[in-house]
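Participant: Provided below are the primary sequence and the corresponding predicted coordinates.
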Amino acid sequence: MSLITRTLSAALLAAALTIPIASSNASERASAFETRFGYETIDGLRIAYREAGDPANPTVLLLHGFPTSSHMFRNLIPDLAADYHVIAPDFQGFGASDMPSAETYDYTFDNLAGTVDALLERKNIENYALYLMDYGAPVGYRLFADAPDRVTGFIIQNGNAYEEGLPEFWDPIRAYWADPSEENAAPLRGFLAIEGTKWQFTHGTRNPDAISPDNYWHVQYLLDRPGNAEVQLELFYDYRTNLTLYPEWQALFREHQPPALVVWGRKDQIFPAEGAHPYRQDLTNVEFHLLDTGHFALEEDGAFIADEIRDFLEREVNP
């Protein structure tokens, strides 16, 4: 065998041994960043969640708002997964999780929080940073109240904990809290139609035409499931319980002082900026951004929010 042949054979053998290893490593890196879709059965309900990143890394728990699901974090999750373990559940009645009827199940924020807590236990997650948005705020603050030391930081995006943050928009819901009659339910049922769903995603945005209709069309499909309106009415009614807990949560903010990043769509008419400012009264380590967008700020300012989250977590959670 000539020198050239022996050299070529050696090179081919080396390549044959190296390429699968390189491909395997690349595949492992890619799979760590890819979003995985899982389920856990908790109290008889199949609870869906999205997950990405290495579970050995610090965890970021993403809690979605009404009327969406973990789908709202579809672009944020891969942006964080290189350095963090990210998990985003769908609350019962939302997304891909089970939706028992309101006649057979109590849709309360206590139960939503209990389910997320059980999911964390099932996944062996001890400590986590919390992303809180809309309904995710009262769920997350219940988890924080139960075990403040487990929470390494807050990322607060249009997630309320102050009565100043509940403007006139909430008057029909306040009427329902006072009297949960069918008469007071009627305007709330109207809010569950496609016009209301589309408005939630597009109002306050700089360019409504740039917001993907996929958001509100798929959410509307889920809202239109038989019985889902009753689920949402139960949660609208139970939201009143959050107001009674605001003073407790605010006292815990002052006592435990978790670092916080506020990234808030200032043109949101559901949770306007009046609900963002009071956090600075109770938390001393707050990075504060009011964004020129609406309720679902990730849709228009997702890249900026992802950059700010990575910077915040690197500085405060994973230095």
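Facilitator: Alright, I've got the coordinates.
Participant: Flag the shaky bits of the stretch 201-319 of the chain, pLDDT-wise.
Facilitator: For the stretch 201-319 of the chain, no stretch is flagged by pLDDT under 70.
Participant: what about 90?
Facilitator: 317-319 (pLDDT under 90).
Participant: Can you show me the helices along it?
Facilitator: 213-223, 228-238, 240-256, 279-282, 297-312 (DSSP state H, counting those that start in this stretch).
Participant: so can I have a markdown table of those helices showing distance to Tyr84 and mean neighbour count?
Facilitator: C-beta here means a position set from N, CA and C on the backbone, and glycine is covered the same way. Formatted as a markdown table, the helices of the stretch 201-319 of the chain follow (distance: least, C-beta to C-beta, whole Å; neighbours: other C-beta atoms under 10 Å):
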| stretch | distance to Tyr84 | mean neighbour count |
| --- | --- | --- |
| helix 213-223 | 24 | 17 |
| helix 228-238 | 29 | 19 |
| helix 240-256 | 21 | 15 |
| helix 279-282 | 23 | 16 |
| helix 297-312 | 9 | 18 |
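Participant: Relative to Leu80, which of those is closest?
Facilitator: helix 297-312 (6.6 Å; C-beta to C-beta).
Participant: by how many degrees do that closest one and helix 213-223 diverge?
Facilitator: 110 degrees (axes from the mean of the first three to the mean of the last three C-alpha atoms, to 10 degrees).
Participant: Okay, and the nearest residue to Asn111 once chain neighbours are set aside sits in which element?
Facilitator: In space, and not counting its chain neighbours, Asn111 is closest to Gln92: 7.4 Å by C-beta to C-beta, 6 or more residues apart in numbering. Using DSSP states H and E, Gln92 falls within no helix or strand.
Participant: just checking, Gln92 touches Thr104?
Facilitator: No - with contact defined as C-beta atoms under 8 Å, Gln92 does not count as touching Thr104 (11.8 Å).
Participant: picking up where we left off before, neighbours of the residue nearest to Asn111, how many?
Facilitator: Neighbour count for Gln92, taken as other C-beta atoms under 10 Å: 23.
Participant: Could you report the distance from it to Ala175?
Facilitator: 26 Å (C-beta to C-beta, to the nearest Å).
Participant: Likewise for Glu40?
Facilitator: From Glu40 to Ala175 the distance is 37 Å (C-beta to C-beta).
Participant: And Asn184, by the same measure?
Facilitator: 5 Å.
Participant: More neighbours: which of these two?
Facilitator: Each of Asn184 and Ala175 has its neighbours counted (other C-beta under 10 Å); Asn184 has more, 19 against 16.
Participant: so who does the more buried one touch?
Facilitator: 172, 175-176, 178 (C-beta atoms under 8 Å, 6 or more residues apart in numbering).
Participant: Equivalent analysis for Gly165, please.
Facilitator: 271-272, 274-276, 278.
Participant: rewinding a little: any idea which of the helices of the stretch 201-319 of the chain gets closest to Pro55?
Facilitator: Here helix 297-312 is closest among the helices of the stretch 201-319 of the chain (C-beta to C-beta), at 18.6 Å.
Participant: Can you spell out which helices and strands pack onto the closest one?
Facilitator: helix 76-80, strand 151-156, strand 260-265, strand 286-291 (3 or more C-beta pairs under 8 Å, 6 or more residues apart in numbering; DSSP states H and E).
Participant: Deepest-packed of these, please.
Facilitator: strand 260-265 (a mean of 25; mean count of other C-beta atoms under 10 Å).
Participant: Listing partners with orientation, what would you give for that strand?
Facilitator: Strand pairing for strand 260-265, determined by DSSP bridges: strand 151-156 (parallel), strand 286-291 (parallel).
Participant: Mind checking these for the one nearest to Glu168?
Facilitator: Here strand 286-291 is closest among those (C-beta to C-beta), at 20.1 Å.
Participant: can you give me the helices for the stretch 51-200 of the chain?
Facilitator: Counting by DSSP H, counting those that start in this stretch, the stretch 51-200 of the chain has helices at residues 76-80, 109-122, 136-146, 171-178, 182-191, 194-202.
Participant: and Leu130, what is it in contact with?
Facilitator: Contacts of Leu130 (C-beta under 8 Å, 6+ apart): 61, 63, 140, 143-144, 151, 153-155.
Participant: what does stretch 112-126 rub up against?
Facilitator: So stretch 112-126 is contacted by 40, 42-43, 45, 47, 49, 55, 59, 61, 63, 85, 87, 89, 91-92, 128, 135, 138-140, 142-143, 146, 150 (C-beta under 8 Å, 6+ apart).
Participant: Could I have the buried ones of the residues you listed as ChimeraX selection syntax?
Facilitator: Selection of the buried residues among these in ChimeraX, burial being defined by 16 or more other C-beta atoms under 10 Å:
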select :40,42,45,47,49,59,61,63,85,87,89,91,92,128,135,138,139,140,142,143,150
